[in-house]
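J.: fold the following for me, if possible:
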Amino acid sequence: MDIQITPSPLSGAVTPPPSKSLSHRALIAAYLARSADRIAHLASSQDIEATRRCMEALLTVSDGFPVLDCGESGSTLRFLIPLALVLRGGGKFTGRGRLMERPQEPYFAIFRAKGIHFELSGGVLSVSGALRAGEFSLPGDVSSQFVTGLLYALPLLPGDSAVSITSPLESRSYVSMTQEVLRSYGVLVENRDFQRFIIPGGQKYLPCDYTVESDWSQAAFWYAARNLGHPVEITGPDPDSPQGDRAVARLACTLAGDGDVEIDLAQIPDLLPPLAAMAGARRGVTRFTGAARLRMKESDRIETTARMLRAFGVECDTGPDFLTVRGGNSLRSCAVDGAGDHRIVMAAAILASGADGPVTIRGAEAVEKSYPGFFDDYKKLGGIADVL
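T.: I've put the predicted structure just below:
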């Protein structure tokens with residue numbers, strides 16, 4: 001689906017959808033507690049439906065290993081690999097887009113050490129074997145999702161376990177979110193300064209009523225709209241949230257001024273597209289660092305963000321782990337390739353509101369992955385977005 005944006009003012013109040021990250025976590029815990037019907041304000045998106053679909057497959061009694069279709073959801077895939085071993089002795093994982101190309105080596109290293117069979121062939125990852133309690137080691141600079149996957153599975157084993165982080169843990173806030181959800185469902189994990197996690201065995205997930213809070217990652221796009229001069233009121237997100245992307249409220253203020261700025265994305269990688277949109281509209285040089293992991297998202301997000309900005313006439317430089325943006329010029333009418341990436345599409349739509357003429361966004365349906373109502377909210381704020 002291609003959409004044409006006609007530049008127009010945005011104004012009014014908008015409430016971002018429920019947090020996708022917390023929805024994944026709550027849904028997994030709720031299924032394990034047999035209380036999936038007691039989650040309020042659950043996100044509705046392709047990624048969340050992938051987690052729901054896979055949890056139902058995992059918990060359905062049948063012969064053989066379950067086949068788990070993870071769609072394009074990296075969270076679903078990485079969170080459920082250890083659970084499949086614990087609950088069913090293994091599973092077969094499939095996905096779409098670039099999902100099955102994303103790194104899984106931290107798990108594979110554990111599997112080699114512990115005698116668990118795995119095979120990635122033809123876009124299908126098969127795992128089988130007994131995951132036993134004990135000592136586990138993970139690098140911290142690939143993805144915190146591997147830590148979360150183990151924290152969900154290891155409490156169900158009969159013995160105690162520990163997970164040691166062998167390099168500084170990036171995206172720490174996502175592990176904090178995991179712990180917050182686990183506590184809500186009666187599962188305890190001791191966090192020793194994000195370097196070592198102690199997990200008592202023999203625990204059970206207990207039913208509870210859980211309400212998912214609004215998503216700071218999605219709120220970031222409306223903060224970008226405000227930085228472009230649109231008087232948008234953002235309601236819903238909790239300023240005391242465990243979501244690390246709440247940092248956008250502070251960073252938007254930083255990027256509202258002129259001059260050179262450097263922003264380290266190691267703990268907030270999902271904020272690159274909306275922050276880059278702010279950077280493209282401001283006067284000065286903005287350098288984003290600590291972004292190497294973004295090359296293995298739904299797109300190579302360093303390059304696709306740069307291509308999006310260049311389409312608008314913004315100068316950019318890229319490197320293995322950085323993006324430098326030289327903003328300040330007027331945003332020009334253009335066509336943008338959404339690159340199959342929901343965050344690129346949303347960032348482009350915000351920038352298009354301030355362009356000097358119509359902007360076509362190709363592949364705009366990518367927003368269904370995380371924020372299906374994005375263009376509805378855009379129009380409610382006065383945006384003009386027409387399907388071509």
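J.: could you use CA atoms for every contact and neighbour count after this?
T.: Fine.
J.: residue ranges with poor pLDDT in the stretch 1-150 of the chain?
T.: Residues of the stretch 1-150 of the chain meeting the criterion pLDDT under 70: none.
J.: which residues of it fall in helices?
T.: Along the stretch 1-150 of the chain, counting by DSSP state H, counting those that start in this stretch, helices occupy 20-32, 46-59, 74-88, 105-114, 145-153.
J.: take those helices and lay them out in JSON lines including mean neighbour count and distance to Leu10.
T.: Shown next, in JSON lines, are the helices of the stretch 1-150 of the chain (neighbours: other Cα atoms under 10 Å; distance: least, Cα to Cα, whole Å):
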{"stretch": "helix 20-32", "mean neighbour count": "24", "distance to Leu10": "25"}
{"stretch": "helix 46-59", "mean neighbour count": "21", "distance to Leu10": "27"}
{"stretch": "helix 74-88", "mean neighbour count": "23", "distance to Leu10": "32"}
{"stretch": "helix 105-114", "mean neighbour count": "15", "distance to Leu10": "44"}
{"stretch": "helix 145-153", "mean neighbour count": "23", "distance to Leu10": "35"}
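J.: how close does Ala364 get to Phe118?
T.: Here Ala364 is placed at a distance of 36 Å from Phe118 (Cα to Cα, to the nearest Å).
J.: same check on Lys379?
T.: Taking Cα to Cα as the measure, Lys379 falls 47 Å from Phe118.
J.: what do you get for Val175?
T.: As judged by Cα to Cα, Val175 and Phe118 stand 25 Å apart.
J.: returning to that earlier point: the helices of the stretch 1-150 of the chain: which one's closest to Val359?
T.: Val359 lies closest, by Cα to Cα, to one member of these: helix 46-59, at 25.9 Å.
J.: show me the contact partners of stretch 199-211.
T.: When contacts are defined by Cα atoms under 8 Å, 6 or more residues apart in numbering, stretch 199-211 is touched by residues 26, 29-30, 32-35, 38-42, 133, 151, 154-162, 184-190.
J.: among these, which are in strands?
T.: Mapping the contacts of stretch 199-211 onto strands (DSSP state E) picks out Ile39, Ala40, Ser161, Ala162, Glu190.
J.: isn't the first one right up against Val212?
T.: Translated: Ile39. Yes: at 7.4 Å, Ile39 counts as touching Val212 under the criterion of Cα atoms under 8 Å.
J.: the more surrounded of those two?
T.: For Ile39 versus Val212, the count of surrounding residues by other Cα atoms under 10 Å is larger for Val212: 22 against 16.
J.: if you skip the residues just before and after it, what's nearest to that one?
T.: Nearest residue to Val212, sequence neighbours excluded (Cα to Cα, 6 or more residues apart in numbering): His41, at 5.3 Å.
J.: then Pro231?
T.: In space, and not counting its chain neighbours, Pro231 is closest to Ser11: 5.1 Å by Cα to Cα, 6+ apart.
J.: dump the helices of the stretch 1-150 of the chain into TSV; add distance to Met296 as well.
T.: Below are the helices of the stretch 1-150 of the chain laid out as TSV (distance: least, Cα to Cα, whole Å):
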stretch	distance to Met296
helix 20-32	18
helix 46-59	17
helix 74-88	10
helix 105-114	13
helix 145-153	13
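J.: check Ser353 and give its pLDDT.
T.: Ser353 carries a pLDDT value of 97.
J.: what's the burial count for it?
T.: Ser353: 26 surrounding residues under other Cα under 10 Å.
J.: can you list the domain ranges for the chain.
T.: Using automatic domain parsing, the domain parsing of the chain gives 3-17+214-387, 20-211.
J.: around the nearest residue to Asp356 once chain neighbours are set aside, count how many other residues there are.
T.: Once flanking residues are discounted, Asp356 sits nearest to Arg332: 5.2 Å by Cα to Cα, 6+ apart. Arg332: 19 surrounding residues under other Cα under 10 Å.
J.: report the contact partners of Arg332.
T.: Arg332 is in contact with Ala311, Phe312, Gly313, Ala355, Asp356, Gly357, counting by Cα under 8 Å, 6+ apart.
J.: try 7 Å this time
T.: Arg332 is in contact with Phe312, Gly313, Ala355, Asp356, Gly357, counting by Cα atoms under 7 Å, 6 or more residues apart in numbering.
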